[in-house]
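Visitor: sharing a model prediction with you, sequence too.
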Amino acid sequence: MRVLVPVAFAGMLCLLGACSLQNKGATVEQAASPSIEHGKYLVEAVGECADCHTPRLKDGRFDESKSLEGAVLGFAPTVPMPVWAPKSPPIAGGPEGWSRDELVTFLETGRNPQGTFARPPMPPYRLSGDDARAVAEYLLSIKTVDRQP
C-alpha cells in the first residue's frame, strides 16, 4: 500500500501533465524552437511589448484575443510633442510590409526601413544580433486572423 500511493500519485501527475500539454496544442513536433522561445521571453518579459501593442479591455486587462495587434495608447506626454504616436502598430506576424531583415535591423539599430527612428514613445532598441533575430522569429511566428499568409 505504501508503494501504491506514490506510484498512483506520480501516474496522476503524468496524466495531468499530458492533458495540459494536449490542451495547449503543444507536442514535441510542434514545440517552438529555442530561438522563438527566447524571442517570446524578450517580447513578453523583458520588452513588455504588450503594454503598448495590445489593446486593453474595459477592466484594464489585456485583450488576449488581440495580442500584439496594435492599440490606442492609454497615456500621452504632459507637454506638446508633435511626433508622439497616439497608437501603436500591430507587430504580431511582423510589422506589415517589413521583411525579416528589416525587422532585425530595426531591433538592432532603432531605424525603420525608411531610415528614421520610430516615433515616441517607442524606444530605439539596440538589441544584439542574436536577440534581434530571436524577437523577429517570434513575432513572425505569430499567426494573425487578418494577416495570415
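Guide: Happy to help now that I have it. Residues are numbered from 1 along each chain as shown.

Visitor: CA atoms of stretch 53-60 as CSV?
Guide: What follows is stretch 53-60 as a C-alpha-only set of coordinates in CSV (Å, rounded to 0.1, in the frame of the first residue of the first chain):
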residue,chain,number,x,y,z
HIS,A,53,0.9,46.9,-28.7
THR,A,54,-2.0,45.0,-27.1
PRO,A,55,-5.4,46.7,-26.6
ARG,A,56,-7.0,46.5,-23.1
LEU,A,57,-10.4,45.5,-22.0
LYS,A,58,-12.6,48.0,-20.0
ASP,A,59,-11.3,46.5,-16.8
GLY,A,60,-7.7,47.2,-17.8
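
Visitor: next, the most centrally placed residue in the chain: phi, psi?
Guide: Residue closest to the mean C-alpha point of the chain, counted by Cα atoms, centre = their mean, is V43 at 4.6 Å. The phi/psi pair for V43 (degrees, to the nearest 10) reads phi -70, psi -50.

Visitor: do V72 as well
Guide: phi -70, psi 130.

Visitor: ok, it touching P55?
Guide: Yes - between V72 and P55 a contact is recorded at 7.2 Å, counting by Cβ atoms under 8 Å. Any C-beta I mention is one placed from the backbone N, CA and C, and that applies to glycine too.

Visitor: on that earlier part again, how about the residue nearest to the centre of the chain: what's its closest non-neighbour residue?
Guide: Leaving aside its sequence neighbours, V43 sits nearest to C49 (Cβ to Cβ, 6 or more residues apart in numbering; 4.9 Å).

Visitor: also V135?
Guide: Nearest residue to V135, sequence neighbours excluded (Cβ to Cβ, 6+ apart): G39, at 4.5 Å.

Visitor: do M81 as well
Guide: P120 (6.6 Å).

Visitor: walk me through the domains of the chain.
Guide: 1-31, 33-141 (automatic domain parsing).
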